[in-house]
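Visitor: just to be clear, the model below is a prediction. Sequence and coordinates:
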Amino acid sequence: MKVLICQNHAAAIERTAGLIVDHVARRPDAVLGLATGGTMLPLYERLATLYSEGEVSFANVTSFNLDEYVGIAPAHPASYHSYMKEVLFSHVDIGESRTHLPLGNSPDVQAEAERYEAAIAAAGGLSLQLLGIGQNGHIGFNEPTSSLGSRTRIKTLTESTRTANRQYFGPDETPPAYAITMGVGTILAARECLLLATGRAKAQAVAAMIEGPVSAVCPASALQLHPHATIVLDREASGDLRLTDYYQHVHPDGEATRFD
Ligand SMILES: N[C@@H]1[C@@H](O)[C@H](O)[C@@H](COP(=O)(O)O)O[C@@H]1O
């Protein structure tokens, strides 16, 4: 794992955006795995700005999002379809037909999950998977005890995840109990993984992911098995790590690895 500890939130966003821009520059036909959540909002905003400044083009990029709620139509304001359109797709030059999310309101969600996994394979696999992390160590919607070999499927959401997501639903709505999510095995099959975590609330999960045992109790810890995983943190999210000096020492090449 490459652990990049940035001075502050803005530096973590800048660093992550830079890594994505570099990836797309190297590989204009990149197949990006995309994530949602509050953490990604400033990142997508930055990518949209970099696009408007001519620093990056997504014209030949294909994307596959990690997950979508079961029973929620794409047009629902809290769907991840809506989120992606609003915060990224409508601001950059990616063709709509090249963007993919699982269809949460499919009449056969099991078949939809299998179709989605097959579509990723048919696109040649993910060249870069972007990830956030839940406070309980989930990636995508792979909640604790998810099989580390799992592929795209339906997952039951934990109470804590449903509570965290309540804010995105109306007062009369019940947050969904299930999601279609890429599996941990799907994520590990990406050629590169890039996880962004910011803020003190993520510190415990980040420490378990990086320094804890590889365990289904913290699905993000499976990234320890990935040969090209980069973790970008701000200082707050790195607050519970024990080997902070070491991470900075072993990667003295990037400015973000020193607290500057
Ligand atoms: N399915 C998403 C995850 O992909 C995301 O990483 C997580 C954290 O979200 P936030 O960035 O809002 O803390 O939320 C949801 O559960």
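Guide: That came in fine, so what should we check first? As the structure is a computational prediction, the values presented were derived from the model and not from experiment. Numbering: from 1, shown residues only.
Visitor: quick check, residue 143 in contact with residue 135.
Guide: No. Using Cβ atoms under 8 Å, residue 143 is not in contact with residue 135; the gap is 11.5 Å. Where you see a C-beta, it was placed from the backbone N, CA and C, and this is true even at glycine.
Visitor: show me which of these two is the more surrounded one.
Guide: residue 143 (21 against 15; other Cβ atoms under 10 Å).
Visitor: so how far is residue 176 from the more buried one?
Guide: 13 Å (Cβ to Cβ, to the nearest Å).
Visitor: and for the two, which residues touch both?
Guide: The contact sets of residue 143 and residue 176 overlap at residue 157 (Cβ atoms under 8 Å, 6 or more residues apart in numbering).
Visitor: and stretch 19-35, which residues are buried?
Guide: For stretch 19-35, burial by neighbour count (16 or more other Cβ atoms under 10 Å) applies to 19, 20, 21, 23, 24, 30, 31, 32, 33, 34, 35.
Visitor: could you do stretch 228-247 as well?
Guide: Neighbour-count burial for stretch 228-247, counted by 16+ other Cβ under 10 Å, picks out 229-241, 244, 247.
Visitor: repeat for stretch 68-78
Guide: Buried residues in stretch 68-78 (16+ other Cβ under 10 Å): 68, 69, 70, 72, 76, 78.
Visitor: quick one: these as CSV, columns for distance to residue 213 too.
Guide: Shown next, in CSV, are the buried residues of stretch 68-78 (distance: Cβ to Cβ, whole Å):
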residue, distance to residue 213
68, 30
69, 31
70, 31
72, 35
76, 38
78, 35
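Visitor: which two of those residues have the greatest separation?
Guide: 70 and 78 (12.8 Å; Cβ to Cβ).
Visitor: ok, now how distant is residue 52 from residue 9?
Guide: Taken as Cβ to Cβ, the span from residue 52 to residue 9 is 22 Å.
Visitor: typo on my end, it should be residue 238
Guide: 12 Å.
Visitor: what helix or strand does the residue of the stretch 151-260 of the chain found nearest the ligand sit in?
Guide: Nearest to the ligand, among the residues of the stretch 151-260 of the chain, is residue 161, at 5.5 Å (Cβ to the nearest ligand atom). According to DSSP states H and E, residue 161 maps onto helix 159-165.
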